[in-house]
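# Quick check, what structure comes out for this input:
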Amino acid sequence: MIFFLYFLKNGRTASRFAVSVNRKIGNSVRRNYIKRKMKEWFRLNSRMLQSPHDVWISMKRPFDRGLAAEVETLFLDALSRIRAR
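Sure thing, here's the model as predicted:
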């Protein structure tokens, strides 16, 4: 399991997104890389959610540039499952 995704419909006009990366994941450079990638993926694909949601990602394992595409696929799959609910 690379991350946990929590979501809840909100009454706002836009979705909100948060990423939590524990210090056990790595140094600040690695943690900030993970946060930047996740936020960018959400920014580019937030329109997949039909109604506004609060989305929170809790990272459980690190990933680097080599695994970024795989993690992005998992993230997009999770967003599409939120949409189906």
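
# For this protein, which segments count as helices?
28-45, 68-84 (DSSP state H).

# so what's the residue with the largest distance to the centre of the chain closest to, chain neighbours aside?
Note on the chain: the largest C-alpha distance from the chain mean falls to residue 11, namely 20.3 Å (C-alpha atoms, centre = their mean). The spatial neighbour of residue 11 that comes closest, neighbours along the chain excluded (C-beta to C-beta, 6 or more residues apart in numbering), is residue 52 at 7.8 Å. Quick note: C-beta positions are derived from backbone N, CA and C, even for glycine.

# The one you found - how many residues pack around it?
For residue 52, the tally of surrounding residues (other C-beta atoms under 10 Å) stands at 15.

# Now for it: which residues touch it?
Residues in contact with residue 52, defined by C-beta atoms under 8 Å, 6 or more residues apart in numbering, are 9, 10, 11, 12, 13, 14, 15, 16.

# Could you report the pLDDT at the fifth one?
Think residue 13. On pLDDT, residue 13 comes in at 92.

# How about the last one?
The score at residue 16 is 95. That number is its pLDDT.

# Test my guess that it contacts residue 9.
No. Taking C-beta atoms under 8 Å as the definition, residue 16 is not a contact partner of residue 9, at 11.3 Å.

# Now the common contact residues for these two.
The contact sets of residue 16 and residue 9 overlap at 52, 53, 54 (C-beta under 8 Å, 6+ apart).

# Quickly list what the nearest residue to residue 6 once chain neighbours are set aside is bridged to.
The shortest distance from residue 6 to any non-neighbouring residue, by C-beta to C-beta, 6+ apart, is to residue 56 (4.5 Å). Taking DSSP bridges, one finds residue 6, residue 18 as the beta-bridge partners of residue 56.

# check contacts around residue 56.
With contacts taken as C-beta under 8 Å, 6+ apart, residue 56 has the following neighbours: 5, 6, 7, 17, 18, 19, 20.

# Alright, I will stop here.
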